[in-house]
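Novice: structure for this input, please:
(2 chains)
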2 protein chains.
Amino acid sequence: MRKVILQLAVSLDGYIEGPNGEYDWCLTDQDYGMSEFFKHIDSVFYGRKSYELTLSMGEPEMPGFPRLTEYVFSTTLQKVKPGAILITGDIEAVIKRIKQEPGKDIWLFGGAKLTASLLNLGLVDEISLAVHPIILGGGKPLFSNISQRISLTLTDTKTYSSGLVALTYTLA
Amino acid sequence: MRKVILQLAVSLDGYIEGPNGEYDWCLTDQDYGMSEFFKHIDSVFYGRKSYELTLSMGEPEMPGFPRLTEYVFSTTLQKVKPGAILITGDIEAVIKRIKQEPGKDIWLFGGAKLTASLLNLGLVDEISLAVHPIILGGGKPLFSNISQRISLTLTDTKTYSSGLVALTYTLA
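Specialist: The predicted model follows:
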């Protein structure tokens, strides 16, 4: 079955964006395992805000960035760009179906609301965080509105010369 | 000069206590580098709540736990237990003086308010977090009320078989 993988950059204090939406603190001097990660995925899950953010940013310039099937989860959007798939209904049923379909793994890109929904529904299989050597002091937290404890199993750690530490966990 | 070291257990979502003050999730099956850490410190900084918590818990049963000079930072307490030192005034001046005194390093034990004050004043020299393989979903966050970005330099990572990852940073 396809895995849903939450893969994101976070500050040491757990923010995915600074107080004004900044992500200038995200290290881009190295690949940080992303091209290897991209080999294993062919789809991405976005919440509305994350989708709109990526729309405004244009095509990503990351090396090895694959052509992804984009699923946009929103209760307010009426349509999405050509090729993308809008999910408005019962997300649990839809995601369970998508996970059963043939294909590679799925990148859960965020944001926080979609991430919380999927974590609370037990639909996330793996969490891989690029912990950056910075305290932002505010912004958008990665984890919010999680309804219960979630036990994790550490499966990998990688330490980079820049001070970034990549931590990978599976969920029970 | 003596270093002030923030040394604490945190969940992956950055809490030092669960929603009801729980710390039953803190792993105690291994030493996790604490006896080595204890060799380097002879003093501890507490905020009022952390001090009262340790009072209620009695003497710690950790192996190698040293006899520490206890500094309690509070604007409301009138006295502390015999041997402990109550700090009520200008904490910046007091801490700068203590750091100049002869002695080993100082454990900044918390809580969040004292930690924020010291981080905002640039008085913390090292942060060492025992990142536990759990998402708590709520509780007391380690970092709050930090007034600005703080750049960190990663100096050490240790991965344990239980999935605990110890991350150590110095502050500029």
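Novice: for chain A, what lies in contact range of chain B?
Specialist: Within chain A, the residues that sit near chain B (C-beta under 8 Å from any C-beta of the partner chain) are A:12-14, A:18, A:25, A:119, A:127, A:129, A:131, A:133-138, A:142-143, A:146-154, A:157, A:159, A:163-165, A:167, A:169. Quick note: C-beta positions are derived from backbone N, CA and C, even for glycine.
Novice: buried residues in the helix or strand of chain A with the lowest mean pLDDT?
Specialist: For chain A, the helix or strand with the lowest mean confidence is helix A:48-57, at a mean of 87 (criterion: mean pLDDT, DSSP states H and E). Within helix A:48-57, the residues that count as buried by 16 or more other C-beta atoms under 10 Å in any protein chain shown are A:48-51, A:53-54.
Novice: repeat that for stretch A:55-74.
Specialist: Buried residues in stretch A:55-74, counting neighbours by 16+ other C-beta under 10 Å, are found at A:66, A:68-74.
Novice: try stretch A:80-94
Specialist: A:80, A:84, A:86-87, A:91.
Novice: with stretch A:120-136 instead?
Specialist: Buried residues in stretch A:120-136 (16+ other C-beta under 10 Å): A:120, A:123-136.
Novice: kindly report the same for stretch A:107-123.
Specialist: For stretch A:107-123, the neighbour count (16+ other C-beta under 10 Å) marks A:107-112, A:114-120, A:123 as buried.
Novice: which outside residues touch it?
Specialist: A:4-8, A:16, A:37, A:41, A:43-47, A:49-50, A:54, A:68, A:73, A:91-92, A:95-96, A:99, A:124, A:140-148, A:150, A:171, B:135 (C-beta atoms under 8 Å, 6 or more residues apart in numbering or on different chains).
Novice: measure that stretch end to end?
Specialist: Length of stretch A:107-123, first residue to last, C-alpha to C-alpha, to the nearest Å: 12 Å.
Novice: same check on stretch A:107-116?
Specialist: Length of stretch A:107-116, first residue to last, C-alpha to C-alpha: 15 Å.
Novice: centroid-nearest residue for chain A?
Specialist: residue A:109 (2.4 Å; C-alpha atoms, centre = their mean).
Novice: and that residue, helix, strand or coil?
Specialist: The assignment at residue A:109 comes out as strand when based on DSSP: H, G, I helix; E, B strand; the rest coil.
Novice: how close does it sit to residue A:103?
Specialist: The span separating residue A:109 from residue A:103 equals 16 Å under the rule C-beta to C-beta, to the nearest Å.
Novice: name every strand pairing with the longest strand anywhere in chain A and say which way it goes.
Specialist: Identified as the longest strand of chain A according to DSSP state E is strand A:150-159. Take DSSP bridges as the rule and strand A:150-159 pairs in its sheet with strand A:165-171 (antiparallel), strand B:134-135 (antiparallel).
Novice: need the winner for burial among the ones you listed.
Specialist: Greatest average neighbour count among the strands paired with strand A:150-159 goes to strand B:134-135 (a mean of 22), per mean count of other C-beta atoms under 10 Å in any protein chain shown.
Novice: now do the contacts for residue A:78.
Specialist: Residue A:78 neighbours (C-beta under 8 Å, 6+ apart): none.
Novice: sec struct for it, please.
Specialist: Recorded secondary structure, residue A:78: coil (three-state DSSP).
Novice: if we can go back for a sec, now the least confident helix or strand of chain A, how far from the chain's geometric center?
Specialist: Relative to the chain's own centre, helix A:48-57 is displaced by 13 Å; criterion: C-alpha atoms, centre = their mean, to the nearest Å.
Novice: packing partners for the helix or strand just after that helix?
Specialist: As assigned by DSSP states H and E, the chain's next helix or strand after helix A:48-57 is strand A:69-73. Other elements packing on strand A:69-73 under the criterion 3 or more C-beta pairs under 8 Å, 6 or more residues apart in numbering or on different chains; DSSP states H and E are strand A:41-47, helix A:48-57, strand A:85-87.
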